[in-house]
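K.L.:
Here is a sequence together with a model predicted from it:
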Amino acid sequence: MRATLTDPERLDLSALPGVESSEIRGDSIYLHGRDTDAIARYLLTQTDARDLEITSRNLEDAFLTLTADEENPA
């Protein structure tokens, strides 16, 4: 998921329930998580997020997630 925010660095969205990882690039934040509906709802109602884009992970990401060893992440 990607969203444009006025000042993405002031928000700690990595602590938001359902967010597995986050990355800030300029005025955009990239979030990965299992419950994209809840994350999108939060962004749209609690922040100034705009240009929200929700995409699914590619097949390689899905494979790595399913086959990853919890004790030894790839």
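P.N.:
Looks like it arrived, so ask away.

K.L.:
use CA for all of it now, contacts and neighbours both
P.N.:
Noted.

K.L.:
what's the burial count for Glu53?
P.N.:
Here the number of neighbours of Glu53 (other C-alpha atoms under 10 Å) works out to 11.

K.L.:
which residues of this structure score low on pLDDT?
P.N.:
Scanning the chain for pLDDT under 70 picks out 57-62, 64-65, 68-74.

K.L.:
Go ahead and flag the most central residue of it.
P.N.:
Leu31 (1.3 Å; C-alpha atoms, centre = their mean).

K.L.:
what residues does the helix or strand harbouring that residue touch?
P.N.:
Assigned by DSSP states H and E, Leu31 belongs to strand 28-33. Strand 28-33 is contacted from outside by 1-5, 8, 14, 18-24, using C-alpha atoms under 8 Å, 6 or more residues apart in numbering.

K.L.:
Report the buried members of those.
P.N.:
By neighbour count, with 16 or more other C-alpha atoms under 10 Å, the contacts of strand 28-33 hold Met1, Arg2, Ala3, Thr4, Leu5, Pro8, Gly18, Val19, Ser22, Ile24 as buried.

K.L.:
Surely the fourth one and Glu53 touch.
P.N.:
Read that as Thr4. No: contact between Thr4 and Glu53 fails when scored by C-alpha atoms under 8 Å: they sit 9.3 Å apart.

K.L.:
related to what we said a few turns ago, paired strands for the strand holding Leu31, with orientation please.
P.N.:
Paired neighbours of strand 28-33 in the sheet (DSSP bridges): strand 2-4 (antiparallel), strand 19-25 (antiparallel).

K.L.:
I'd like to know which elements whichever helix or strand comes after it is packed against.
P.N.:
Reading on from strand 28-33 to the C-terminus, the next helix or strand found by DSSP H and E is helix 36-46. Contacts defined by 3 or more C-alpha pairs under 8 Å, 6 or more residues apart in numbering; DSSP states H and E place helix 36-46 against no helix or strand at all.
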